[in-house]
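> generate coordinates for the sequence data below:
(4 chains)
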Number of protein chains: 2
Amino acid sequence: MAAKRVTIHDIAKKLNTTASTVSRALNNHPKISDEMIAGVRKTAREMGYKPNILASNLRNGKTKTIGLIVPRINRYFIADVIAGIESITFPLGYNLIICQSDESLLKEKENIKTLINNRVEGILISLSIETTTPFHLQNIVEEGIPLVQFDRTIAEIPSGLALNDNFGAARQAVHHLAAQGYTKIAHFAGNLNQEIYRSRLAGYQKALDDLGLNRNASWVFYNTILYEPGVEAAHQICAMNDRPDAVFSAGDLSAMGAHATFRENGLNIPRDIGLCGFANEPFTQFVSPGITSINQFGSLLGKAAAEVLFEIIASGSPKITPMPRRIITPELIVRQSTTK
Amino acid sequence: MAAKRVTIHDIAKKLNTTASTVSRALNNHPKISDEMIAGVRKTAREMGYKPNILASNLRNGKTKTIGLIVPRINRYFIADVIAGIESITFPLGYNLIICQSDESLLKEKENIKTLINNRVEGILISLSIETTTPFHLQNIVEEGIPLVQFDRTIAEIPSGLALNDNFGAARQAVHHLAAQGYTKIAHFAGNLNQEIYRSRLAGYQKALDDLGLNRNASWVFYNTILYEPGVEAAHQICAMNDRPDAVFSAGDLSAMGAHATFRENGLNIPRDIGLCGFANEPFTQFVSPGITSINQFGSLLGKAAAEVLFEIIASGSPKITPMPRRIITPELIVRQSTTK
DNA sequence: AAAGCCTGAACAACCGATTGCATATAATTT
DNA sequence: AAATTATATGCAATCGGTTGTTCAGGCTTT
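Got it, this is the predicted structure:
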C-alpha cells in the first residue's frame, strides 16, 4: 500500500531514458516525439505515477496556495463567503489555507506570520474586531504578497478590496422605511471601530438628511448588533416619551432581540413600529412577522474577493495603481416587519 | 520589497559558514555551539529570514497538509465543524485544503484526486448525497493516506469515524415527546441512502417500540428535510382522519415548514400538535413557539474528527485495528413546541 | 559527397532545507 | 608528548521535478 511513491526517475529507468525527458513528455514539451510522449504517458499510468506538487512548486518558486484569514468560520455569512472563494480558487488549482483570528489581533498577527512562512501567493483577510491599525498588514505588503481585504477592512493600507455597499444599502433601507410612512427612525449601530458599521451609520444619517427627517441622537444605539443588546435597546425605546416608530439595525441578531421585546411589550410590528435588520440571516424569514433585511450575497462577495486577488497576482506586482476593488450591491428584502 | 527571499545559504555566506550549520543552528541541534546559535539567530532575524516550508517538506517527505471534503461549506452546521477542525490542525502547524463536492459524486472523486496529488497527510470527509458506494474512497486507503469520515459516512470502508449518536438522539427525542403526552408520533425522514437519516429513523422506530406506541407506516415521510417538503407533509397530516399529534423531524428546515403550515391551518403548537426538529439551527430559538431541536455540537464533532485523524497519523499506519472512532452525544434542547 | 541544419534526447545544475559522514581543532587522558 | 576522545563544523548527497545547454544521428542542401 503506497509503499513508495513512483517518481519520474522510476519511469525513466523503466523506459531507459532520463527524468528530464519524462518530465517534458508529461508536460507536452514540443521537442519530444509523439511516440515518446505516448510511451511515457502509458507507463506513468501503469505505474500509478502521481506528480509531487511540492517538488514542482519548489523548483518553480510557486506554492499555488492562497491564505484566508477570517474572524470566525461559524457564521452563516462568512461560510457563504468561503464557499464563494473556494469556487474560484479550486478550479485554478490553488489551495486555500484557512485561519481563524477568533476576533483577536494577536491571533491575526500569528496567522499572518504563518501564511507568510507558508509562502502563500496571496492573502484574503476580513479583519478581527480588535484590529484598528494596519501595521501588521504592512508586513504582508512588504513581503510582496498580494493582499485583498473583504467585508471588514481598514483604509490606510494599499490592498485590493471587495466590499458590500454598506452605505448605499443602509440608505436604501431607511428610504424604504420612510416610504412606508415611518418618520421617527432609530438605528442600532455596531462597533464604530469598524468601517462597515461606520458606513451603515453614515448611510442612515444621509438618508435622514435626504428626507428631511429628524436626527435624534438618543435614537442611535451603539454596539448593538447582538441579541441581548437588541433586547436592551428595545426596552429603552419602549420607555421613551417620544418613541421612534421604526428601527433600522446594523445586524439581524439585535433586530431579532428587538422583535421579541417589542412583541412582549404589546407593540405590533409593523403597525406600531417598523423593523429592518441587516444580513438576511435565515431566521429573518421564518419569524412572524418576517423581518425585512439586507441580503449581502456572501458567496458573490467571496468570488469578487478571489477575483480581485487573482487580478493582482496576474499583474505580476503586488502594487498596482489604482488597486482593484469590487463593490457588491446588497439587496433589500422586504418582509412584513416594515409593510404596514 | 521581497526582491529576493533570504535562504540559509545567504545567512551562511554572511557568517562565513555553511548552510548545514545554519540549518542545525536554527533547529537547536545539540552539537552546535551556543555562540554560533546566537549568531545565526541574530543575523537570520536581521536579514528577515523566513524558512521555506516547501523545501523542508520536500526533504522530509511531509506536507503538513490535511484535506477536507464537505458537501458544501455554506451550512451553519458544516461551518461550525470546519471551525472545530481548524482549531486542532492550525496549532499543530497543519494546513487545511478545503474542497466542496457540491453534493456531486463526480466532484467528490475529483476532489479526492486533487488531494492525493497534493500529498495530503490525511483526509477528512463528509460524503455527498450521491455517494452510495465506497470505491473511490478505496483509492485513498490504497495510497496509504489516513482517512476519517465524519457526519455523513459509509460503512464498507476501513476509516476513522467521528459521528453524532443520531440513533440515540432520535430515540431520546421521541421519548421526550411521549413523556409530554404525545402518543401518535410522525417522522420526517431524510434520504435513506444516508446512514445518518437511517439512524434517525431507526432511533424513532426503536423508541416507539420501547414505549409500545403504534408504528403507523403512513406517518413516516421520506426525503423530507427541506422547507417545502415539510410544508407538503404538514398539509398531508392536516388532512388525515387519524392525525398524528406530534412530529419528529430529521431536519430543522422541514420542521420549520411544518411549523408555519400547522399554524396557518389553525393548529396550536404544542397543544394540538408537538414538533421537534434536528440540528438546532439558530432560527429554532427565534420563532414562536420555539422549536424543540437537537444540538449537534458541530465544533466538537470537527475537533473529534481531527483528533481521530491525528491518532491514525501518529500510529504510523493508515490501518489500525480497530479503527478509532468518536461518538458525540447530541443534546436535546427543549422549547415550547413540545411542552404542553 | 562534404558541410550545415534539425530533431529529439541526454547531461547537469538548480530550487532550499536536511542529515549521515568526514574532519579539523581543542580538550583530555596516560 | 603522544594518543585518544570530544566538539563543532564542513562536505556532499538527497528530496522530485524543471530547464538551459550540449550532443548524437539523420536529413537537407548545393
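> am I right that residue A:232 is in a helix?
Yes. Counting by DSSP: H, G, I helix; E, B strand; the rest coil, residue A:232 is part of a helix.
> how close does it get to DNA strand D?
Here residue A:232 is placed at a distance of 60 Å from DNA strand D (CB to the nearest atom of the strand, to the nearest Å). (Glycine included, C-beta is placed from N, CA and C.)
> check contacts around that residue.
For residue A:232, the contact set (CB atoms under 8 Å, 6 or more residues apart in numbering or on different chains) comprises A:224, A:257.
> pLDDT value on it, please?
Model confidence at residue A:232, expressed as pLDDT, equals 97.
> do residue A:3 as well
Predicted confidence (pLDDT) for residue A:3: 48.
> if I look at the closest residue to residue A:64 other than its chain neighbours, how far off is residue B:113?
Nearest residue to residue A:64, sequence neighbours excluded (CB to CB, 6 or more residues apart in numbering or on different chains): residue A:94, at 5.3 Å. Counting by CB to CB, to the nearest Å, the gap from residue A:94 to residue B:113 is 16 Å.
> can stretch A:97-112 be said to contact chain B?
Yes. Under the criterion of CB under 8 Å from any CB of the partner chain, chain B is reached by stretch A:97-112 at A:97-100.
> who in chain A is up against DNA strand C?
Contact residues, chain A versus DNA strand C (CB under 7 Å from any atom of the strand): A:16-21, A:31-33, A:35-36, A:55, A:58-59, A:61.
> okay, among the residues you listed, which ones form the most distant pair?
A:35 and A:61 (32.9 Å; CB to CB).
> returning to that earlier point: wait, isn't the residue nearest to residue A:64 in contact with residue A:67?
No. The criterion here is CB atoms under 8 Å, and residue A:94 misses it with residue A:67 at 10.5 Å.
> what about residue A:94 and residue B:113, which has more around it?
residue A:94 (23 against 13; other CB atoms under 10 Å in any protein chain shown).
> now do the buried residues in the helix or strand harbouring residue A:201.
In this structure, residue A:201 is located in helix A:195-211 according to DSSP states H and E. For helix A:195-211, the neighbour count (16 or more other CB atoms under 10 Å in any protein chain shown) marks A:195-201, A:203-208, A:211 as buried.
> DNA strand C: which of the residues you listed is nearest?
Nearest to DNA strand C among the buried residues of helix A:195-211 is residue A:195, at 36.9 Å by CB to the nearest atom of the strand.
> now the buried residues of helix A:195-211 in JSON lines, with pLDDT and distance to DNA strand D?
Formatted as JSON lines, the buried residues of helix A:195-211 follow (pLDDT from 0 to 100; distance: CB to the nearest atom of the strand, whole Å):
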{"residue": "A:195", "pLDDT": "91", "distance to DNA strand D": "42"}
{"residue": "A:196", "pLDDT": "94", "distance to DNA strand D": "42"}
{"residue": "A:197", "pLDDT": "95", "distance to DNA strand D": "47"}
{"residue": "A:198", "pLDDT": "95", "distance to DNA strand D": "47"}
{"residue": "A:199", "pLDDT": "97", "distance to DNA strand D": "45"}
{"residue": "A:200", "pLDDT": "98", "distance to DNA strand D": "48"}
{"residue": "A:201", "pLDDT": "98", "distance to DNA strand D": "52"}
{"residue": "A:203", "pLDDT": "98", "distance to DNA strand D": "50"}
{"residue": "A:204", "pLDDT": "98", "distance to DNA strand D": "54"}
{"residue": "A:205", "pLDDT": "98", "distance to DNA strand D": "56"}
{"residue": "A:206", "pLDDT": "97", "distance to DNA strand D": "53"}
{"residue": "A:207", "pLDDT": "97", "distance to DNA strand D": "56"}
{"residue": "A:208", "pLDDT": "97", "distance to DNA strand D": "60"}
{"residue": "A:211", "pLDDT": "96", "distance to DNA strand D": "61"}
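> quick one, strands of the stretch 151-300 of chain A?
In chain order, the stretch 151-300 of chain A shows strands spanning A:160-164, A:185-188, A:220-221, A:246-249, A:274-276, A:293-295, with DSSP state E, counting those that start in this stretch as the criterion.
> please name whichever of these is nearest to residue B:163.
strand A:293-295 (34.3 Å).
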